[in-house]
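**Q** Give me the fold of what follows.
(one chain, ligands or ions: 3)
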Amino acid sequence: MTTSTPNLDRITAPADLRNLDRDMLIAVADELRAETINAVSVTGGHLGAGLGVVELTTALHHVFETPKDILIWDVGHQCYPHKILTGRRDRIRTLRQGGGLSGFTKRSESEYDAFGAAHASTSISAALGFAVARDLKGESNNVIAVIGDGSMSAGMAYEAMNNAGGLDKRLIVILNDNDMSIAPPVGAMSHYFARLVSSQSYRSLRKIGKGVAKAIGVEGPARKAEEYMRGMAMGGTLFEEMGFRYVGPIDGHDLDQLVPVLRNIRDGDDGPVLIHVVTQKGKGYAPAEAADDKYHGVAKFNVVTGEQQKAASGPASYTKVFAQQLIREAETDDRIVGITAAMPGGTGLDLFAERFPERCFDVGIAEQHAVTFAAGLAADGMKPFAAIYSTFLQRGYDQVVHDVAIQGLPVRFAIDRAGLVGADGATHAGSFDVGYLGALPGMVLMAAADEVELARMVATSVQIDDRPSAFRYPRGNGLGLEMPAVIEPLAIGKGRIVREGTSIALLSLGTRLDEALKAADALGAQGYSTTVADARFAKPLDEDLILRLAREHEVLVTIEEGARGGFGAFVLQLLAERGALDHGLKIRTMTLPDVFQDHDAPFKMYDTAGLNARHIAATALEALGRNQDLAKSVVAPMLAE
Ligand SMILES: Cc1ncc(C[n+]2csc(CCOP(=O)(O)OP(=O)(O)O)c2C)c(N)n1
Ligand SMILES: CC(=O)[C@@H](O)[C@H](O)COP(=O)(O)O
Ligand SMILES: [Mg+2]
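**A** Numbers count the residues shown, from 1 in each chain. Ligands and ions are numbered 1, 2, ... in the order given. From the prediction side, this is the model:
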């Protein structure tokens, strides 16, 4: 159901907003909200955050001369209204689909997307970079960063503010405070923001100030009144101690407050300024406002009822299998604790927290802290499971090396979203963890081929008390396997032969095993006897298994859901060191391509990556030196699948 948008129809670029009067601006904002809801009902994606910044987005593009004035969105998941207003309304219903708009800001997509995002808490650092560049070039544009209260729980935001305050550069930071992260926010800062917003004296003083400014009709006194009120009610704020002028809190849904304050700041000549804007995540759409998660991330949904299209209920998601096994283990081991960096729902630790509230810690968007916090727990005898998406663990890598691996501390890393993730695209792909963890001495690194394997890897990790361990698993559902009553731990460093053959060996790490088995079927049908093995461990490698496969087969193909420099490289190094490459073995290593892949449906992304069954079969035949026709005869039937 599309909604009538006569005012929004007139906005083909932010310049069309610049001369609108108050009433027109309000009308555009209302239609922008309706268009956002309508578009996301068709595409799915991030909704709540964007609804919370409809007025702010409208006011920013009205007051500032974007793209000359630089506007940087933190995370960027709230940028759909921004994309609609900046010439991409015609493509907004391609959001997060192959070939369509990114779900985050992306420099290559628009001149209005000054800086790419998706990982949180980067906006102030980037904005300061733009501000320093501006001054070095002798230019005079404004630079604005919009950062959420949740994203303000990351240390990087304070590193940036500390530097900005020290440099005293003209910089505008807008704190979009909706008192939500993905889950409710955690930490002392969220309490601090709440105090700023709830101080009655400040709020009542602000009403007087606002009334005076309106009556006079001149904005200048609003700012003086604002400072006076703040001084009266609040005294300095944490931000002022960091060199920022603090303005606010102001109502982020009231254009009568937003526009004059933004104009004041635009026309001022201050150094760094932080404007504290109070908004509501999911604003203006009742099902989102009522939802616990404020419709942070949604599937396609019915606009009238808000009912989301449920993913076909099939096999349990890997995330749920992880959480349920961890709970099972924790029932009999009170040293097990869970740690998440602001992703309790995404990692499944919300289920663990329901069962063991005192043993589950949400540290906020603070992966670096999460890792070293876990190291401290491990150093004192606990069994910490740090459940962090592969892509977000990148943020805490030095802590993994310096605080965990060098000290040999038994932190367990539950690495969800390993491999390609689909609609979130390149910024969220879990491509690199095999390489970056497998390089660390002493690390035990596992990859689950299915949900039973995942449960066994959790059980295995529980027992590894003398060094760090990690197990990786993909976003989405397993194969629908029956979960055994007893979940046996694995023998460390031991893989398994899933199917015996004689001429081709496919050695898979992770869930590509399923594709490898399909490839083996196709190859077998053409008379190529094919062994399929599941490595289970990227570190330590099952050396006996790998050397045997190399010895007994003409072709060895490794397959992994990871970038070059991971499992296949480790296998090549082992074979080279043992002289196993000196006897004519034909070996190929299949990895993700050496590019950042744009978003699409996961199966399509793996097709683009060349990691589906037909690619595996063709690679084996190519290695055998079989002509392409034969490859086609094997592969062609699979294409028809
Ligand atoms: C480094 C990092 N960790 C975790 C996430 C997952 N994540 C995406 S949005 C979000 C919450 C952001 O909260 P806030 O900044 O308040 O924005 P809001 O959604 O409330 O508008 C989180 C944790 C991320 N994008 N980046
Ligand atoms: C914007 C962000 O980083 C998160 O919302 C992320 O998109 C969640 O990913 P999943 O949907 O895989 O949990
Ligand atoms: Mg928030």
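**Q** Check whether the helix ranked longest in the chain comes near ligand 2.
**A** Scanning the chain for the longest helix, with DSSP state H as the assignment, gives helix 22-43. No: under the criterion of Cβ under 6 Å from any ligand atom, helix 22-43 makes no contact with ligand 2; the nearest approach is 13.4 Å. C-betas here are computed from N, CA, C, even on glycine.
**Q** Stretch 148-157 now?
**A** No: Stretch 148-157 does not reach ligand 2 (Cβ under 6 Å from any ligand atom); its nearest approach is 10.4 Å.
**Q** that older thread, quick one: buried residues of the longest helix of the chain?
**A** Along helix 22-43, these residues count as buried under the neighbour rule (16 or more other Cβ atoms under 10 Å): 25-41, 43.
**Q** swap in stretch 586-598?
**A** Neighbour-count burial for stretch 586-598 flags 587, 589-592, 597 (criterion: 16+ other Cβ under 10 Å).
**Q** what's the closest of these to residue 526?
**A** residue 590 (19.3 Å; Cβ to Cβ).
**Q** which parts of the chain sit against ligand 1?
**A** Residues of the chain lying near ligand 1 (Cβ under 6 Å from any ligand atom): 49, 52, 75, 77-78, 118-120, 148-151, 176, 178, 180-182, 281, 341-343, 365, 367, 392, 395.
**Q** Among these, which are located in helices?
**A** 49, 52, 367, 392.
**Q** Turn those into TSV, including pLDDT and neighbour count.
**A** What follows is these, written out as TSV (pLDDT from 0 to 100; neighbours: other Cβ atoms under 10 Å):
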residue	pLDDT	neighbour count
49	98	28
52	98	29
367	98	29
392	98	23
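**Q** which two from the residues you listed end up farthest apart in space?
**A** Among these, 52 and 367 lie farthest apart (Cβ to Cβ), at 24.1 Å.
**Q** and residue 323, how many neighbours?
**A** Residue 323 has 25 neighbours, counted by other Cβ atoms under 10 Å.
**Q** list the contacts for it?
**A** 347-349, 351-352 (Cβ atoms under 8 Å, 6 or more residues apart in numbering).
**Q** and with 7 Å instead?
**A** By Cβ atoms under 7 Å, 6 or more residues apart in numbering, the contact list for residue 323 reads 348-349, 351-352.
**Q** Could you single out the nearest of those residues to residue 94?
**A** residue 348 (30.8 Å).
**Q** Quick check, that closest one in contact with residue 322.
**A** Yes: counting by Cβ atoms under 7 Å, residue 348 does reach residue 322; the two are 5.5 Å apart.
**Q** who's more crowded, the two?
**A** Legend: neighbour count by other Cβ under 10 Å for residue 348 and residue 322, higher for residue 322 (29 against 26).
**Q** hang on, the more buried one in a helix?
**A** Yes: counting by DSSP: H, G, I helix; E, B strand; the rest coil, residue 322 falls inside a helix.
**Q** That one against residue 414, yeah?
**A** Yes: in this structure residue 322 lies within contact range of residue 414 using Cβ under 7 Å: 5.7 Å.
**Q** Against residue 40, how distant is residue 78?
**A** 12 Å (Cβ to Cβ, to the nearest Å).
**Q** ignore the last one, residue 143
**A** Applying Cβ to Cβ to residue 143 and residue 40 gives a distance of 29 Å.
**Q** How about residue 370?
**A** From residue 370 to residue 40 the distance is 30 Å (Cβ to Cβ).
**Q** try residue 164
**A** 33 Å.
**Q** same thing with residue 410?
**A** In terms of Cβ to Cβ, residue 410 sits 43 Å off from residue 40.
**Q** Need the per-residue pLDDT for the residue nearest the centre of the chain.
**A** By Cα atoms, centre = their mean, the chain has its centre lying nearest to residue 428, at 4.8 Å. Listed pLDDT for residue 428 reads 98.
**Q** List the contacts of it.
**A** Contacts of residue 428 by Cβ under 7 Å, 6+ apart are 118, 391, 417, 421.
**Q** Can you tell me which of those residues has the most neighbours?
**A** Neighbour max across these (other Cβ under 10 Å) = residue 417, 28 neighbours.
**Q** What number of residues are in the vicinity of the residue nearest to that one when sequence neighbours are not counted?
**A** Excluding the flanking residues, the one nearest residue 417 by Cβ to Cβ, 6 or more residues apart in numbering is residue 389, at 4.2 Å. Neighbourhood size, residue 389 [other Cβ under 10 Å]: 25.
**Q** one step back: near ligand 3 too, which of the residues of the chain next to ligand 1?
**A** 148-150, 178, 180 (Cβ under 5 Å from the ion).
**Q** Next, format those as TSV and append pLDDT, neighbour count and distance to residue 402.
**A** Below are these laid out as TSV (pLDDT from 0 to 100; neighbours: other Cβ atoms under 10 Å; distance: Cβ to Cβ, whole Å):
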residue	pLDDT	neighbour count	distance to residue 402
148	98	29	29
149	97	24	29
150	98	30	26
178	98	25	35
180	97	23	33
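**Q** Can you lay out those as CSV showing distance to residue 440?
**A** Output for these, formatted as CSV (distance: Cβ to Cβ, whole Å):
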residue, distance to residue 440
148, 33
149, 34
150, 30
178, 38
180, 36
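**Q** Can you list the strands that the host helix or strand of residue 273 pairs with?
**A** Secondary structure assignment for residue 273, by DSSP states H and E: strand 272-278. Strand pairing for strand 272-278, using DSSP bridges, gives strand 171-177 (parallel), strand 245-251 (parallel).
**Q** Tell me where the model's unsure across the stretch 351-500 of the chain.
**A** Along the stretch 351-500 of the chain, the model assigns pLDDT under 70 to no residue.
**Q** now the chain
**A** 1-2, 199-236, 311-314, 627-632, 634, 636, 638-641.
**Q** What parts of it come near ligand 2?
**A** 46, 75, 77, 118, 182, 297, 346, 417, 421, 424, 475.
**Q** where's the residue nearest to the first one when sequence neighbours are not counted relative to ligand 3, distance?
**A** If I follow you right, that is residue 46. In this structure, residue 46 finds its nearest non-sequential neighbour in residue 77, 3.9 Å apart by Cβ to Cβ, 6+ apart. Here residue 77 is placed at a distance of 10 Å from ligand 3 (Cβ to the ion, to the nearest Å).
**Q** was I right about residue 77 contacting residue 48?
**A** No: between residue 77 and residue 48 there is no contact under Cβ under 7 Å: 9.0 Å.
**Q** Kindly tell me how buried the closest residue to ligand 1 within the stretch 501-641 of the chain is, as a neighbour count.
**A** In the stretch 501-641 of the chain, the residue that lies nearest ligand 1 is residue 599 (14.6 Å; Cβ to the nearest ligand atom). Residue 599: 27 surrounding residues under other Cβ under 10 Å.
**Q** Nearest spatial neighbour of it, chain-adjacent residues omitted?
**A** That would be residue 425: by Cβ to Cβ, 6+ apart, it lies 3.3 Å from residue 599.
**Q** Can you pick out the most distant pair from the buried residues of stretch 586-598?
**A** 587 and 597 (24.7 Å).
**Q** rewinding a little: using PDB, write out every CA atom in the helix or strand following the strand holding residue 273.
**A** Remark: after strand 272-278, the chain's next helix or strand is helix 286-290, criterion DSSP H and E. The C-alpha trace of helix 286-290 is given here as PDB (Å, rounded to 0.1, in the frame of the first residue of the first chain):
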ATOM      1  CA  ALA A 286       2.800   1.900  16.400                       C
ATOM      2  CA  PRO A 287       4.100  -1.700  15.900                       C
ATOM      3  CA  ALA A 288       7.700  -0.400  16.100                       C
ATOM      4  CA  GLU A 289       7.000   1.800  19.100                       C
ATOM      5  CA  ALA A 290       5.400  -1.100  20.900                       C
END
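**Q** I'm done for today, thanks for sticking with me.
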